[in-house]
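[1] Next one to model:
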Amino acid sequence: MNIQLLHSSFDGDGQATADQRLTCYLVDDCVAVDAGSIAIDLTDAQRESVRDIIITHPHMDHIASLPIFIDDLFASLKQPVRVHATQVVIDSLERDVFNWNVYPRFSELTNDYGPVMQYVPIPVGEEFRVAHLHVTAMAVNHIVPTVGLVVSDERTTVAFSSDTAETDELWEVLNRLPRLDALLIEASFPNDMYDLAEVTRHLTPASLDHELQKLSHNGLDILAVHLKPTYREQLIEEKKALEIPKLSVMEPGRVYTW
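    Just a heads-up that it's a prediction; the model follows:
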C-alpha cells in the first residue's frame, strides 16, 4: 500500500513546503482520504485516477477544495466522483457546501456521460469497500462527528486517527486487528497549549504519548500528522523528546510504502 500526504503550501518560487494547512491523503494513487488540497496538489495522472474520496468530517481543512476538484473535472467525468462519508457528514456537506449558495449541488447535476458526484453512505463499525480497499470507520473524539479509519489492501493495514482528542474506541478497534503496519495519528498543538487542544478536541505530544500507551501492537510505523503550522518546529521537538520507537512526523509529498 502506498500513502502520500499531499502538499498544501508552496513558497514564493512555487516549491512545495512542509507547511501542512489542508489535509488530504492519497492511497495507491486512486483513493483519497479527506480532500483539503485535492484540487491543488494531484498530478494530472492522479486527477484521472481518483474517483473515490472518503471524508472523515466536514471541517474546512478536510474538505476545502473538494468542490473545486469536481468543478474542474465536471465536463470530462465519465463516472461520478464518489464521496464516501457517514450520513451526518453527507447531510452537512449538502446543507453547508453543496447548497446552491456556496457551491452548486453536484449530486443533482449531470454531464454528457451521466452523474458527476455520488454520495456513498458508510457504516460505523462495519467493514465496507472503497475501490480495492477494505475500510472500517470508527467514531473518534472530535468537536464534530468524526471517524477514524482502518484501511487494508489484504496485504497491509494502515490506520488513520483523523482529528481526535483522547478516545477509547479507536484503540479497541486497532487492538483487535491481527496486524497493523502503520498508524497516522494527529498531534495538533504543543504541550503548553493543552487547554486549547482540549476544548477543540485535539492531541498534544503529551496526550499523544498517553494515548499510544493504549495500543497493544508493537513495531509499527507511527506518523504524526495534522501539526498546526505555526507550532511545527516546537511540535517536532516535543515529539522527539518522547523517545517513542518508530514515531516520526509525516513528510508532505513523500510516498510511504508498506
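[2] if you go through the stretch 101-250 of the chain in chain order, where are the helices?
    Using DSSP state H, counting those that start in this stretch, the helices assigned to the stretch 101-250 of the chain run over residues 169-176, 194-200, 205-212, 232-242.
[3] Point out the most buried one among those helices.
    helix 205-212 (a mean of 19; mean count of other CB atoms under 10 Å). In short, each C-beta sits where N, CA and C put it, glycine included.
[4] From residue 120, how far off is the nearest residue to residue 49 once chain neighbours are set aside?
    Of all residues not flanking residue 49 in the chain, residue 30 sits nearest, at 4.8 Å (CB to CB, 6 or more residues apart in numbering). From residue 30 across to residue 120, the span is 15 Å (CB to CB, to the nearest Å).
[5] Then residue 174?
    Shown here: residue 174 relative to residue 120, a distance of 24 Å by CB to CB.
[6] Check residue 28 too.
    Per CB to CB, residue 28 is found 18 Å from residue 120.
[7] Residue 129 too?
    According to CB to CB, residue 129 and residue 120 sit 10 Å apart.
[8] Which one of the two is surrounded by more residues?
    A count of neighbours by other CB atoms under 10 Å puts residue 120 above the other of residue 129 and residue 120, at 16 against 11.
[9] That one reaches residue 83, doesn't it?
    Yes - applying CB atoms under 8 Å, one finds residue 120 in contact with residue 83, separated by 6.8 Å.
[10] Out of the helices of the stretch 101-250 of the chain, the one nearest residue 45 is which?
    Closest to residue 45 of the helices of the stretch 101-250 of the chain, according to CB to CB: helix 232-242, at 29.7 Å.
[11] chain center to the closest one, what's the gap?
    21 Å (CA atoms, centre = their mean, to the nearest Å).
[12] hmm, who's touching it?
    The list of residues contacting helix 232-242 from outside it, by CB atoms under 8 Å, 6 or more residues apart in numbering, reads 18-19, 187, 189-191, 204-206, 208-209, 224, 227-228, 247, 249.
[13] Could you identify the most distant pair in those?
    Comparing every pair within the contacts of helix 232-242 by CB to CB identifies 19 and 209 as the most remote, at 24.7 Å.
[14] wait, residue 184 sits on residue 163?
    No - checked against CB under 8 Å, the pair residue 184 and residue 163 is beyond contact range at 11.6 Å.
[15] Run through the stretch 1-150 of the chain and note the low-pLDDT ranges.
    Within the stretch 1-150 of the chain, the stretches falling below the threshold (pLDDT under 70) are 8-20.
[16] Which stretches in it count as strands?
    2-5, 25-27, 31-33, 52-54, 81-85, 110-111, 114-115, 117-121, 127-130, 133-139, 147-152 (DSSP state E, counting those that start in this stretch).
[17] End to end on stretch 184-199, go ahead and measure it.
    By CA to CA, to the nearest Å, the extent of stretch 184-199 from end to end equals 22 Å.
[18] mind checking how far that stretch is from the chain centre?
    Taking CA atoms, centre = their mean, the mean C-alpha location of stretch 184-199 is offset from the chain mean by 17 Å.
[19] returning to that earlier point: residue 99: which of the strands of the stretch 1-150 of the chain is closest?
    Checking the strands of the stretch 1-150 of the chain against residue 99 by CB to CB gives strand 117-121 as the closest, at 13.5 Å.
[20] Check the contact between residue 169 and residue 146; I expect there is one.
    No - no contact is recorded between residue 169 and residue 146 when judged using CB under 8 Å, the distance being 11.4 Å.
[21] that older thread, looking at the contacts of helix 232-242, which is nearest residue 49?
    Ranked by distance to residue 49 (CB to CB), the contacts of helix 232-242 are led by residue 18 at 25.4 Å.
[22] Next one: the nearest residue to residue 188 once chain neighbours are set aside from residue 226, what distance?
    Closest residue in space to residue 188, ignoring its immediate chain neighbours: residue 202 at 3.9 Å, by CB to CB, 6+ apart. Here the criterion is CB to CB. By it, residue 202 lies 8 Å from residue 226.
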